[in-house]
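[1] my questions are about this predicted structure, shown below with the sequence.
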Amino acid sequence: MMDDTPYPGRNKKPRLDFDELNMQIALGTLPPEYIRAQVHDPEILDRLANLPDEEVRVVVAVHPRVCLDTLLKLIKDPTTSSSLLVLLAAHSKIPEKILVKLANHKDPRVSEEAKGVLFIRSKGRIDIQDD
């Protein structure tokens, strides 16, 4: 059976070796789709979280292999956007005590997301009404 594509395997992105990956991280030029598909090392994800690129930080925040320390670092970072904080509040690894702090965030999108997650985790046993 012949493959109808003119260049079989052409759509596959080549994997970067460690040095190339480090250079791309240092330059801040690692494409977000590459991170999603091929970066699985929590230490590399942590380094990527330091980059100022919002799209890269979003991919790191929702990556299944990201460690809690990286997520907490993003939450504490004063440059983290409210839209990223909403994603972080929804992350299953974020502990309840951090969600309680986020529930008091000045941006209502962040506080409502945190309150909703707290409510879901409590299976409806907590009152999240504003005073």
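    Now that the structure is in, tell me what you want to look at.
[2] quick one: the helices in this protein, in order.
    Under the criterion DSSP state H, the chain contains helices at 18-27, 32-38, 42-48, 54-62, 68-76, 82-90, 96-102, 108-121.
[3] buried residues in the longest one?
    Which is helix 108-121. Of the residues in helix 108-121, 110, 111, 112, 113, 114, 115, 117, 118 count as buried by neighbour count, 16 or more other C-beta atoms under 10 Å. Quick note: C-beta positions are derived from backbone N, CA and C, even for glycine.
[4] is it true that the second one touches residue 105?
    Yes - under the contact definition of C-beta atoms under 8 Å, residue 111 touches residue 105, with a separation of 4.7 Å.
[5] any weak-confidence spans in the chain?
    Along the chain, segments meeting pLDDT under 70 span 1-18, 22, 25-26, 28, 124-131.
[6] quick one, domains of it?
    Per the record, the chain has its domains at 18-80, 95-131, by automatic domain parsing.
[7] for the residue most central in space within the chain, which non-adjacent residue is closest in space?
    Taking C-alpha atoms, centre = their mean, the centroid of the chain lies closest to residue 61, which sits 0.9 Å from it. With C-beta to C-beta, 6 or more residues apart in numbering as the criterion, residue 61 has its nearest non-adjacent residue at 5.2 Å, and that residue is residue 87.
[8] list the contacts for that neighbour?
    58, 61, 62 (C-beta atoms under 8 Å, 6 or more residues apart in numbering).
[9] list the contacts for residue 121?
    For residue 121, the contact set (C-beta under 8 Å, 6+ apart) comprises 96, 99.
[10] and it, how far from residue 105?
    From residue 121 across to residue 105, the span is 17 Å (C-beta to C-beta, to the nearest Å).
[11] and what of residue 29?
    32 Å.
[12] quick one: which of these two has more around it?
    Between residue 29 and residue 105, counted using other C-beta atoms under 10 Å, the more crowded position is residue 105 (18 against 11).
[13] got the contact list for that one?
    Contacts for residue 105 (C-beta under 8 Å, 6+ apart) come out as 82, 85, 111, 114.
[14] again, 10 Å this time
    75, 82, 85, 86, 89, 111, 112, 113, 114 (C-beta atoms under 10 Å, 6 or more residues apart in numbering).
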